[in-house]
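**Q** 3D, please:
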Amino acid sequence: MNEIQQRKVRLGMVGGGEGAFIGGIHRLAAQMDGQIELVCGAFSSKPDKAKAFGKTLFLADLRCYTSYQEMFALEAKLPCAERMDMVAIVTPNHLHFPVAKMALEYGFHVISDKPATLTLSQAIELKAIIQKACLLYGLTHTYTGYPMVKEAKYRIEQGQLGQIKKIIVEYPQGWLANKNDENSKQASWRLDPKQAGISCCMADIGIHAANLAEYVTGLKISSLCAELTSNVADRLLDDDGTVLLRFDSGAHGVLLASQVCVGEENSLKLRVYGEHASIEWSQLEPNSLWLKFPHQPSQLIRSGVGQMAVDTQASLRTPAGHPEGYLEAFANIYLQFAKQVRNHGKPCAENTDIPGIDEAIRGMAFIENVVAASKSEFKWHNFSLIPADIKPRTTEPKPIDPSKTEPRASKALTSTNKEVTHEQN
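**A** Below you'll find the model as predicted:
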């Protein structure tokens with residue numbers, strides 16, 4: 001039996017230190033199912049803070065590193081029985097690519113916060129690095145880990161809705177509605193183009209909404225029309241956006257993402273309308289899935305009640321009526337990635353339904369396509385995966401040749417999957 005089958009998967013972390021709420025979420029999620037243990041970390045770009053925070057987690061002093069460069073170099077020198085197996089990247093966006101690149105070059109599997117990189121070009125380069133290293137890469141699109149999201153995906157795959165006509169996905173928040181909201185650690189880097197990239201709202205939550213729509217329906221965005229706005233004086237990046245969508249099947253959609261909707265929490269909601277039925281799922285009621293019909297009562301499907309899809313059932317931990325939420329969905333991503341790590345290099349029959357580098361590339365393409373479309377006076381822009389083709393349009397678009405586009409997937413995509421600071425988001 002392979003040595004890794006007889007122990008926990010060993011995790012290192014870059015970022016996620018003091019004041020970084022998402023770092024704590026990653027650690028809780030990773031360790032929830034007892035399959036992963038945190039053994040080392042470079043939790044801050046400030047050496048004293050990095051060391052001090054590692055000690056609060058009761059890590060060995062020698063495994064509390066002062067930089068990610070130091071961590072990768074020294075961990076790689078440790079015996080196989082001690083060194084980490086994988087690294088979690090929990091930093092502002094600008095560091096995602098260089099950290100992932102170095103980790104892979106040193107031989108470590110990578111699981112990263114989204115977006116995967118700062119630019120689409122970097123994401124494409126990262127895929128080549130992953131393929132060359134023959135290592136694993138996972139992306140924490142958390143909402144794909146919810147059991148009822150997987151149930152919605154399954155029911156669409158089974159044709160229960162018929163042909164998909166309309167997709168509406170919305171993600172309103174209100175935490176950046178005012179100028180004084182910019183003072184927090186979480187806000188400051190997200191609104192800084194050097195650390196966040198070309199977008200705040202779309203790169204932070206719009207990308208989640210787009211991923212959820214494609215994951216659940218199995219369809220791909222083929223063209224879009226976008227308007228991004230900034231609602232606070234002197235704010236350099238978008239805090240609100242509306243995107244009209246066309247999918248490769250002919251379905252139409254609307255994506256709303258905002259961080260200035262006063263009073264809203266993380267109110268992610270997906271509605272998919274087919275020719276026979278529709279579904280509705282909300283993160284604020286994550287254990288429920290509505291199935292609606294034109295000429296009969298709507299059906300409320302509750303997690304853990306009755307027969308569920310295999311992937312749904314594998315994502316549940318408690319009996320019906322015991323609520324499961326964000327942490328459990330996040331933990332499902334880590335659990336499936338740990339299975340990939342354990343079975344790396346051999347066929348794996350277990351469920352490893354998590355986002356990978358292909359979803360990472362589509363996510364970065366979504367951000368750049370939306371930003372470019374928003375700057376254009378023209379309405380529709382073809383969705384491109386080629387960085388050089390993504391720019392504000394100045395002429396009418398050429399019709400897409402269907403023979404040169406990717407075929408519509410019957411299932412959602414899966415994968416085999418300047419330094420500033422890496423103080424965490």
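
**Q** mind showing which ranges of the chain have poor pLDDT?
**A** 1, 347-351, 396-425 (pLDDT under 70).

**Q** now the strands for it?
**A** Listed in chain order, the strands of the chain (DSSP state E) span 9-15, 36-42, 86-90, 109-112, 137-139, 164-172, 221-229, 240-247, 252-258, 269-274, 278-282, 288-292, 299-302, 381-382.

**Q** so which of the ones you listed comes closest to C80?
**A** For C80, the closest of those is strand 9-15, at 10.3 Å, according to CB to CB. No exception for glycine: its C-beta is placed from N, CA and C like everyone else's.

**Q** quick one: strands adjacent to the closest one?
**A** strand 36-42 (parallel), strand 86-90 (parallel) (DSSP bridges).

**Q** How about L268, nearest residue that isn't a chain neighbour?
**A** Q283 (4.1 Å; CB to CB, 6 or more residues apart in numbering).

**Q** ditto for E170
**A** E170 sits nearest to L256 (CB to CB, 6+ apart), 4.1 Å away.

**Q** So what pairs up with that neighbour in the strands?
**A** E170, T242.

**Q** For it, list the residues it contacts.
**A** V169, E170, Y171, P172, A209, G241, T242, V243 (CB atoms under 8 Å, 6 or more residues apart in numbering).

**Q** Please name the residues that touch the residue nearest to L268.
**A** Y143, Y146, N266, S267, L268, K269, Y326.

**Q** Just give the number of residues close to L74.
**A** 14 (other CB atoms under 10 Å).

**Q** close enough to count as contact, H252 and L245?
**A** Yes: here H252 reaches L245: they are 6.7 Å apart, a contact under CB atoms under 8 Å.

**Q** Need the overlap of contacts for these two.
**A** I167.

**Q** Surely Q173 touches C261?
**A** Yes: Q173 lies in contact with C261 (CB under 8 Å); the separation is 6.5 Å.

**Q** can you list residues touching both of these two?
**A** With CB under 8 Å, 6+ apart, Q173 and C261 have no common neighbours.

**Q** And the residue nearest to the spatial centre of the chain, how far from P115?
**A** By CA atoms, centre = their mean, the chain has its centre lying nearest to H141, at 2.4 Å. H141 sits 10 Å away from P115, taking CB to CB, to the nearest Å as the criterion.

**Q** shared neighbours of these two, which are they?
**A** Joint contacts of H141 and P115 (CB under 8 Å, 6+ apart) are G363.

**Q** So what's the gap between stretch 279-290 and the chain middle?
**A** Distance of stretch 279-290 from its chain centroid, counting by CA atoms, centre = their mean, to the nearest Å, is 19 Å.

**Q** Next, count neighbours for C200.
**A** 27.

**Q** Skip the chain neighbours and tell me the closest residue to it.
**A** L237 (3.8 Å).

**Q** what about the one you found, distance to N231?
**A** From L237 to N231 the distance is 11 Å (CB to CB).

**Q** ok, now G363?
**A** Counting by CB to CB, the gap from G363 to N231 is 24 Å.

**Q** And those two? Which one has more around it.
**A** More crowded of G363 and N231, by other CB under 10 Å: G363, with 26 against 14.

**Q** ok, that one touching N211?
**A** Yes: at 6.1 Å, G363 and N211 qualify as touching, with contact defined as CB under 8 Å.

**Q** Please save the CA atoms from stretch 234-245 in CSV.
**A** Extracted as CSV, the C-alpha positions of stretch 234-245 are listed here (Å, rounded to 0.1, in the frame of the first residue of the first chain):
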residue,chain,number,x,y,z
ASP,A,234,-12.2,57.9,-6.1
ARG,A,235,-12.7,54.1,-6.2
LEU,A,236,-10.5,52.7,-8.9
LEU,A,237,-12.2,49.3,-9.5
ASP,A,238,-15.8,48.2,-10.0
ASP,A,239,-18.1,47.5,-7.1
ASP,A,240,-21.2,46.6,-9.1
GLY,A,241,-22.0,45.0,-12.4
THR,A,242,-24.7,43.6,-14.6
VAL,A,243,-23.9,41.1,-17.4
LEU,A,244,-26.2,39.8,-20.1
LEU,A,245,-25.2,36.3,-21.1
